[in-house]
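Trainee: What follows is a predicted protein model with its sequence.
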Amino acid sequence: MISIKKNSERGATRLDWLDSRHTFSFGDYWDPAAQGFSVLRVINEDRVAPGAGFPTHPHRDMEIVTWVLSGALEHRDSLGNGSIIRPGDAQRMTAGTGVTHSEFNHSRSEPVHFLQIWLLPARAGLAPGYEQLNFAEAERRGRLRLIVSPNGADHSITIHQDARIHAALIEQDGAVERRLESGRRAWLQVARGAVSVNGVGMSEGDGAAIENESGLKIAASQESEVLLFDLP
């Protein structure tokens, strides 16, 4: 079963420096039917104006993954980490017992466009942690490249949950395929472009909740970028 959450159905936060779209309930956007999917709690697609960003704020008991689509995002946190996140970089922050952080557009002239993803951890009270790795475009083109996993398989980012995230760049008329183990669910997010998943059409910004499917074929009708979440 494949259920589409259309781009137009997402919540929105619009400020003079921020255009944010919320796949699941977040902030002032509340939808009792959109409280997450499996252990996936948040997918926010954020566009931040040059030089602007989110000032220091706290989090607890959440696995936070950031994936930049264009531009550069500057990260600082109470663990002492400071980094610039660019396209192809996956960053994971374990909020655990408590962490504060800020995220700002590193550029003074160009916007930054990124996805921030929250997953529930396997247990509360973890020690806060941080990890960042780059996944070259060539590794993601025409294939589902594992970027996040519970055990760091294939040199991926490690999270404290039985969930995996794959990223793919799919050329026009190209396709990628993935088998799903029995009892597993999946979420597909179209970051850009247009695809079909098992024949069901999706456009940029759309997401799909996938259950009781043994395998997936993701075919692109134009140059596309997708994230596929393999979930319990």
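Mentor: Nice, I can see it.

Trainee: Let's verify the nearest residue to Arg184 once chain neighbours are set aside: helix, strand, or coil?
Mentor: Excluding its sequence neighbours, the residue lying closest to Arg184 (CB to CB, 6 or more residues apart in numbering) is Asp230, at 6.0 Å. C-beta: built from backbone N, CA, C; applies to glycine. Classification of Asp230 by DSSP: H, G, I helix; E, B strand; the rest coil places it in strand.

Trainee: Surely Asp230 and Arg164 touch.
Mentor: Yes. The criterion here is CB atoms under 8 Å, and Asp230 meets it with Arg164 at 4.2 Å.

Trainee: rewinding a little: ok, what's across the strand from the residue nearest to Arg184?
Mentor: Beta bridges link Asp230 to Arg164, Ala186, judged by DSSP bridges.

Trainee: Next one: it from Val39, what distance?
Mentor: 11 Å (CB to CB, to the nearest Å).

Trainee: Compare these two and say which one has the larger neighbour count.
Mentor: Asp230 (23 against 19; other CB atoms under 10 Å).

Trainee: How about the contacts made by Ser214?
Mentor: The contact partners of Ser214, taken as CB atoms under 8 Å, 6 or more residues apart in numbering, are 179-180, 182.

Trainee: filter these to the buried ones?
Mentor: Leu180 (16 or more other CB atoms under 10 Å).

Trainee: Format the contacts of Ser214 as a markdown table; extra columns: secondary structure, distance to Ser224 and pLDDT.
Mentor: Listed next are the contacts of Ser214 as a markdown table, based on DSSP: H, G, I helix; E, B strand; the rest coil; distance: CB to CB, whole Å; pLDDT from 0 to 100:
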| residue | secondary structure | distance to Ser224 | pLDDT |
| --- | --- | --- | --- |
| Arg179 | strand | 21 | 96 |
| Leu180 | coil | 20 | 95 |
| Ser182 | coil | 28 | 93 |
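
Trainee: Between the contacts of Ser214, which sits nearest His75?
Mentor: Distance to His75 across those (CB to CB) is lowest for Leu180, with 32.4 Å.

Trainee: doesn't Phe229 make contact with the closest one?
Mentor: No. With contact defined as CB under 8 Å, Leu180 does not reach Phe229; the gap is 11.1 Å.
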